[in-house]
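K.L.:
Test case, fold it:
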Amino acid sequence: MATSLKFPLAMRRGFAARRGPDALRAFDGAEEADIATLLKRFAYLLGIQRIWATQWQEIADYVLPRKNSIIVQRIAGTKRTQRLFDAAALEARDKLSRAINGALMPSTMRWLYLAFEQRELNRDQASAMWCDEVGETLLTDLDRSNFYGENGEVCTDFVTFANALMFAEEKGPSRPREFGGFQFKTEAIGRYAWSQGKDGGVNAVFRELTMSAQAIKDKWKSTPDEIIDKEAATPEQERAVIHCVVPNEDDAPGWRSTYLLLQSRYKLAEGKYDDFPFFGVRPTVNSGETYGRWITDDAMPDIRSLNKLAEMGLRVLPLIVQPPLSQTGDVVGPARLVPLGLTTVRAGTPRSEAVGPLLPPGSLDLRQANMSAEKLEARIRAIYHDAELQLPNGPQMTAEEVRARRDQMLMILGPVVYGRIKTDYLDKLVHFMFKKRLKANALPPLPPALQMAVGRGNVRLVVRYDGPIARAQRASDVTAISQLYDFAQKIATVEATAAPVIDTIDSDQAMRVAGRKLGVDPSIIRDENGTAQVRQQKAQQQAAEQQAAQQAQMADSAGKAAPMLKAAGKAPEPNSPLANLASGGQQNAAG
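P.N.:
So this is what the prediction gives:
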């Protein structure tokens with residue numbers, strides 16, 4: 001994902017409420033027409049959504065019962081597992097959704113990094129550290145919010161219904177001149193309808209909110225009480241509120257936001273969003289369709305069959321444990337089929353003929369049904385990639401075998417899961433959060449090099465996700481660098497030349513690339529200027545050490561030559577090596 005840094009900073013907030021003290025005024029004809037247009041558009045999109053909602057209802061009944069109030073409205077607290085006789089699909093779905101959540105956005109490790117598109121800025125350590133600090137700030141915003149709880153629901157809806165929608169908004173600051181952070185909400189499946197933009201992404205959303213009359217009064221204080229009270233007998237009675245977020249007309253940037261009280265057709269508030277606050281994610285979308293499809297749609301035939309087979313097996317099992325009996329007319333009274341029960345027969349009647357099983361022994365056998373159930377369960381788990389999610393690391397598997405299993409999982413899940421969640425969800429989420437902080441002037445100060453780059457034009461940022469899947473995908477690049485060095489070393493041992501083949505590799509650049517791929521903190525790896533300074537200091541230190549060693553060696557040699565000269569009883573010839581050595585030793589001794 002690439003986003004632009006534009007300066008000076010805009011100070012506008014994303015959503016501004018329009019309604020004020022004039023809320024009691026009567027609607028004019030234009031406003032009534034606008035409300036009618038929005039509700040007509042909502043009804044049209046809802047009609048399309050209802051076709052899908054029929055499928056989502058069935059999926060929820062079998063795979064996610066706690067959300068099976070889509071078309072069939074159920075009272076809160078009632079039982080929701082009436083149609084469920086086997087939980088294999090629930091287990092497989094839960095395992096895959098948790099794996100996606102933990103592999104892409106783990107709450108226990110850092111998974112979000114920022115970098116520049118311009119390589120010269122990435123090589124500047126101060127700019128790279130600024131990027132790293134901004135990435136940590138955004139990740140801290142997520143940690144302080146309810147993101148991880150709501151994100152788990154996004155992954156669950158993504159796997160189960162192949163459609164998920166997250167709503168994000170900026171919270172008000174708790175103290176003046178302080179950034180308030182973010183609030184997130186995963187919209188319930190079936191309670192929203194959306195349309196696509198020209199790029200195929202979700203570009204307009206109509207969502208239905210259920211709010212009590214008192215909550216509506218508290219949120220929109222300017223709304224006349226008589227508007228709400230005529231719909232609700234008590235403050236706790238819930239009413240339907242429609243939130244419409246559509247692009248501005250005439251291709252103007254931004255989105256228009258309108259809240260409507262559905263029954264009264266009353267406009268509660270309207271405003272605007274500079275950045276789209278909804279993130280809709282779908283694994284795959286067929287041409288001509290608006291909503292997504294994925295593995296649960298493929299698994300539904302087997303899921304239905306397994307549940308029906310389990311239901312039939314539960315009905316047959318009591319007949320095996322307590323088979324139906326037949327009795328002759330010689331039995332006096334009913335047969336007592338309880339432990340130590342007494343059944344009275346007339347005298348002279350054989351017991352084996354008086355009471356016996358109605359069906360021949362062995363006619364009721366569940367072994368074939370159990371074999372069919374095992375096959376269905378295996379197919380369901382295979383559709384949910386249960387085997388690929390297993391990464392055994394016991395003594396029975398080598399490191400190479402574990403790596404091969406991991407690569408297999410990445411090849412299967414990577415393009416759909418990582419690709420679509422990255423582009424449709426995470427990229428837009430980070431873009432939204434960054435722009436909010438940018439407009440609020442809540443980013444760290446720019447270093448000099450970045451200030452100069454911003455002055456020359458737009459600076460573009462890219463987002464790198466460093467969850468286990470992304471890290472495993474990038475690990476192949478680091479492995480390739482290591483293999484290149486091993487290959488060069490083998491060639492160097494075979495061909496001993498004056499110009500070693502290792503000189504063809506830029507080791508400094510290899511270290512920087514490996515550091516970025518491994519997610520190393522940029523403050524650890526020096527930029528080119530820092531590396532040059534360290535090497536210059538080392539060279540100067542090495543030269544000083546060599547000079548000191550030479551002087552010490554000369555002084556030692558002069559000390560050994562002095563007794564020889566004295567024993568000879570004559571001075572050395574002028575400018576001879578011996579005279580120079582002696583004079584050097586004397587100077588060093590004097591110094």
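
K.L.:
what residues are up against Leu112?
P.N.:
Applying CB atoms under 8 Å, 6 or more residues apart in numbering to Leu112 gives the contacts 135, 138-139, 142, 430, 463-466. Bear in mind the C-beta positions are built from the backbone N, C-alpha and C, glycine included.

K.L.:
Output stretch 48-64 as PDB, restricted to C-alpha atoms.
P.N.:
C-alpha atoms of stretch 48-64 as PDB (Å, rounded to 0.1, in the frame of the first residue of the first chain):
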ATOM      1  CA  ILE A  48     -30.000  -7.700  -3.800                       C
ATOM      2  CA  GLN A  49     -28.600  -8.500  -0.300                       C
ATOM      3  CA  ARG A  50     -31.600 -10.600   0.600                       C
ATOM      4  CA  ILE A  51     -30.900 -13.100  -2.100                       C
ATOM      5  CA  TRP A  52     -27.500 -13.700  -0.400                       C
ATOM      6  CA  ALA A  53     -29.000 -13.600   3.000                       C
ATOM      7  CA  THR A  54     -30.900 -16.800   2.400                       C
ATOM      8  CA  GLN A  55     -27.600 -18.600   1.800                       C
ATOM      9  CA  TRP A  56     -26.000 -16.900   4.800                       C
ATOM     10  CA  GLN A  57     -28.900 -18.000   7.000                       C
ATOM     11  CA  GLU A  58     -28.400 -21.600   6.100                       C
ATOM     12  CA  ILE A  59     -24.600 -21.300   6.500                       C
ATOM     13  CA  ALA A  60     -25.100 -19.800  10.000                       C
ATOM     14  CA  ASP A  61     -27.500 -22.600  11.000                       C
ATOM     15  CA  TYR A  62     -24.800 -25.200  10.300                       C
ATOM     16  CA  VAL A  63     -21.500 -23.400  10.800                       C
ATOM     17  CA  LEU A  64     -22.000 -20.400  13.000                       C
END
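
K.L.:
Which of the contacts of Leu112 fall in helices?
P.N.:
Members of the contacts of Leu112 lying in helices (criterion: DSSP state H): 135, 138-139, 142, 430.

K.L.:
which stretches of the stretch 101-250 of the chain have low pLDDT?
P.N.:
174-176, 231-232 (pLDDT under 70).

K.L.:
related to what we said a few turns ago, could you identify the buried members of the ones in helices among the contacts of Leu112?
P.N.:
135, 138-139, 142, 430 (16 or more other CB atoms under 10 Å).

K.L.:
Which of these sits closest to Asn248?
P.N.:
Within the set of these, Val430 lies nearest Asn248; the separation is 23.4 Å, counting by CB to CB.

K.L.:
Tell me, what's the model's pLDDT at that closest one?
P.N.:
Val430 carries a pLDDT value of 95.

K.L.:
so it touches Leu138, yeah?
P.N.:
Yes. Using CB atoms under 8 Å, Val430 is in contact with Leu138, at 6.4 Å.

K.L.:
returning to that earlier point: show me the two of the contacts of Leu112 that sit farthest apart.
P.N.:
Maximum pairwise distance among the contacts of Leu112 (CB to CB): 15.7 Å, between Leu142 and Arg464.

K.L.:
Dump the contacts of Leu112 to a markdown table, plus distance to Leu84.
P.N.:
As requested, the contacts of Leu112 are exported to a markdown table (distance: CB to CB, whole Å):
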| residue | distance to Leu84 |
| --- | --- |
| Gly135 | 43 |
| Leu138 | 40 |
| Leu139 | 39 |
| Leu142 | 34 |
| Val430 | 38 |
| Val463 | 40 |
| Arg464 | 42 |
| Tyr465 | 36 |
| Asp466 | 38 |
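
K.L.:
Which one of those residues is nearest to Lys67?
P.N.:
Leu142 (24.2 Å).

K.L.:
Against Val134, how distant is the closest one?
P.N.:
Distance, Leu142 to Val134, using CB to CB, to the nearest Å: 13 Å.

K.L.:
Just to check, Ser107 is in contact with Ser145?
P.N.:
No. Taking CB under 8 Å as the definition, Ser107 is not a contact partner of Ser145, at 11.7 Å.

K.L.:
Between those two, which is the more surrounded one?
P.N.:
Neighbour count, other CB atoms under 10 Å: between Ser107 and Ser145, Ser145 has more, with 17 against 14.

K.L.:
all strands of the stretch 201-350 of the chain, in order?
P.N.:
According to DSSP state E, counting those that start in this stretch, the stretch 201-350 of the chain carries its strands in the segments 202-212, 238-247, 255-261, 266-273, 278-281, 325-327, 331-332, 344-345.

K.L.:
so who does Ala240 touch?
P.N.:
Residues near Ala240 by CB under 8 Å, 6+ apart: 208-210, 261-263.

K.L.:
let me fix that: Lys171
P.N.:
When contacts are counted by CB under 8 Å, 6+ apart, Lys171 touches 145, 180-183.

K.L.:
Neighbour-wise, which one of those residues leads?
P.N.:
So for those (other CB under 10 Å), the most neighbours sit at Phe182, 21 neighbours.

K.L.:
Can you report how many residues neighbour the closest residue to Leu209 other than its chain neighbours?
P.N.:
Leaving aside its chain neighbours, Leu209 sits nearest to Val241 (4.3 Å; criterion: CB to CB, 6 or more residues apart in numbering). For Val241, the number of neighbouring residues by other CB under 10 Å comes to 21.

K.L.:
swap in the one 4 residues further on?
P.N.:
Using other CB under 10 Å, Val245 has 21 other residues around it.

K.L.:
where does the stretch 401-550 of the chain dip in pLDDT?
P.N.:
Along the stretch 401-550 of the chain, the model assigns pLDDT under 70 to residues 401-414, 467-477, 494-501, 503, 516-523, 527.

K.L.:
At which residues are the strands of it located?
P.N.:
459-465.

K.L.:
how does this protein divide up, domain by domain?
P.N.:
Here the domain parsing of the chain from automatic domain parsing is 11-75+87-97+144-296, 535-590.

K.L.:
Throw these into JSON lines and include distance to Asp330, thanks.
P.N.:
JSON lines is the format used below for these (distance: least, CB to CB, whole Å):
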{"stretch": "domain 11-75+87-97+144-296", "distance to Asp330": "48"}
{"stretch": "domain 535-590", "distance to Asp330": "110"}
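
K.L.:
Out of the buried ones among the ones in helices among the contacts of Leu112, the closest to Ala76 would be?
P.N.:
Closest approach to Ala76 among those (CB to CB): Leu142, at 30.0 Å.

K.L.:
Now for that closest one: which residues touch it?
P.N.:
Leu142 touches 112, 148, 182, 433, counting by CB under 8 Å, 6+ apart.
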